[in-house]
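Novice: Provided below for reference: sequence and predicted model.
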Amino acid sequence: MGPYEKGRRRERHVAKMGPGVVVTGLTLGALAVVSLLAFQANGAQSRAGAAKPTAPVAATGTAPTAAPSASATPTVPPLPATSGTGLRVVYSVGSHYVWLVDPKKNPQVAAAFPVAPGTVEPTPGSYAVYSRTATTTGTDGRQIEHVVRFAQQNGVVFGFSAAVDGATPTADPKAKTGGIRSGRAEGQLLWDFAPKDTKVVVVA
């Protein structure tokens, strides 16, 4: 049989199969190619996921802890043992802290807060509030309020007060002042706590 007859027989065979069979064969081939590509893509994703680094762990094997807050409440010094007795305001020239003490209450320390001293400190001892002024001008030129005076020594007046603007700056070393400044809220507390003749105890 010659090449011509073989070609004719092949054409007749394809014609007998019909167009549907040919299309089906092509479709199956295309699906096989798509499936192979999908399999390869899934394998690549799996390998990429396995290569991702895990979260760092501390050397001890525990997760790292958060850093302590910078706004943590400062430790309040304990009430000095030499602060006397009775209802009183206690001021420490060493720690520059004030305690408002009422022995009839529990706890007896109603409030405690830091203050900014003047350039001159009062001599340790027991005094009493002798003058109060709601608002005035301080020796530094600032408007102040809730002034509670308790002593005078060598021409210097000692008393507690608060700046209206809430500032507690370091006293000017060139000025001779005995003003002891607190924040406005603390100044209000002291004003309400210490009327005239209230005992003020100054400790070292």
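Specialist: Nice, thanks for sending it over. Numbering: from 1, shown residues only.
Novice: CA atoms of stretch 146-162 as CSV?
Specialist: C-alpha atoms of stretch 146-162 as CSV (Å, rounded to 0.1, in the frame of the first residue of the first chain):
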residue,chain,number,x,y,z
HIS,A,146,-3.8,79.9,98.3
VAL,A,147,-0.9,81.4,100.2
VAL,A,148,-0.5,80.0,103.7
ARG,A,149,2.2,81.7,105.8
PHE,A,150,3.7,80.1,108.9
ALA,A,151,7.0,81.7,109.8
GLN,A,152,9.3,84.7,109.4
GLN,A,153,13.1,84.5,109.8
ASN,A,154,15.7,87.1,109.1
GLY,A,155,13.3,89.1,107.0
VAL,A,156,12.2,86.1,104.9
VAL,A,157,8.6,85.0,104.9
PHE,A,158,7.9,81.3,104.7
GLY,A,159,4.7,80.0,103.3
PHE,A,160,3.0,77.6,101.0
SER,A,161,1.4,78.7,97.7
ALA,A,162,0.6,77.6,94.1
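Novice: what's the mean pLDDT across it?
Specialist: The pLDDT scores in stretch 146-162 average 97.
Novice: repeat that for stretch 104-115.
Specialist: 97.
Novice: sheet partners, orientation included, of the strand of greatest length in the chain?
Specialist: Using DSSP state E, we find that the single longest strand of the chain is strand 143-153. Here strand 143-153 has these sheet partners by DSSP bridges: strand 131-137 (antiparallel), strand 156-163 (antiparallel).
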